[in-house]
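# just coords:
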């Protein structure tokens, strides 16, 4: 698969940041266990959503992974340039399709989440990395199967219920293409 480093820049992609087109992607974090013993031996997986295209014509998935890798380095006070992410799977679709799959995956796999560990190990004076609730300690093969399952029509429908509820209540993480342009991770 594709390996991304925290020090690289995202590739260009055709599209507009205002298109109703997004990615749901699954990636694996590499390198954290070397610096944080609590993460040693874990298969750290993240499921995320990104705009297909960011401002300047940059790939949304690569942009989000690079931002997250840099955020981990800062939040957990590990050396700059040491985190890597490996893209395991991705799909494209409308915001609602990709967000619905992402939200179904998150809601269905709460027992595998690492959010508390990311919060507990945050360096003094730092905030937890953005998207810390979307990390899971899960075998790669299982994560890929669960990712594929989240894209079934029936499961996307269940995920869309969560997307709708979050949008109605103003909870971060479920934007529409033209709303919340300042929201971190979805902004231009």
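Received the coordinates, thanks. Values in this document were obtained by computation on a predicted structure and should not be read as measured data. Numbers count the residues shown, from 1 in each chain.

# tell me the contacts of residue 24?
Neighbouring residues of residue 24 by Cβ atoms under 8 Å, 6 or more residues apart in numbering: 47-49, 90-91, 93, 97-99, 101-102, 147, 150-151. In this view, the C-beta of every residue, glycine as well, is placed from N, C-alpha and C.

# other residues contacting whichever strand or helix holds residue 144?
Assigned by DSSP states H and E, residue 144 belongs to helix 140-149. Here helix 140-149 makes contact (Cβ under 8 Å, 6+ apart) with 24, 26, 28, 43, 45, 47, 88-89, 101, 105, 108-109, 136, 138, 155.

# dump the contacts of residue 24 to TSV, plus secondary structure, pLDDT and neighbour count.
Formatted as TSV, the contacts of residue 24 follow (DSSP: H, G, I helix; E, B strand; the rest coil; pLDDT from 0 to 100; neighbours: other Cβ atoms under 10 Å):
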residue	secondary structure	pLDDT	neighbour count
47	strand	96	26
48	strand	94	24
49	strand	93	26
90	strand	95	17
91	strand	96	17
93	strand	94	18
97	helix	95	21
98	helix	95	27
99	helix	94	25
101	helix	97	26
102	helix	95	30
147	helix	98	21
150	coil	97	25
151	coil	96	20
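
# so which of those residues is the closest to residue 114?
Comparing those against residue 114 with Cβ to Cβ places residue 47 closest, at 12.0 Å.

# so what's that closest one up against?
By Cβ under 8 Å, 6+ apart, the contact set of residue 47 is 24, 25, 26, 102, 105, 106, 134, 136, 143, 147, 150.

# out of those residues, which one has the lowest pLDDT?
Among the contacts of residue 47, residue 134 carries the weakest pLDDT, at 92.

# can you list the weak-confidence ranges in this protein?
Residue ranges of the chain with pLDDT under 70: 178-188.

# that one: strands as residue ranges?
2-5, 22-30, 44-51, 53-54, 58-59, 84-93, 135-137 (DSSP state E).
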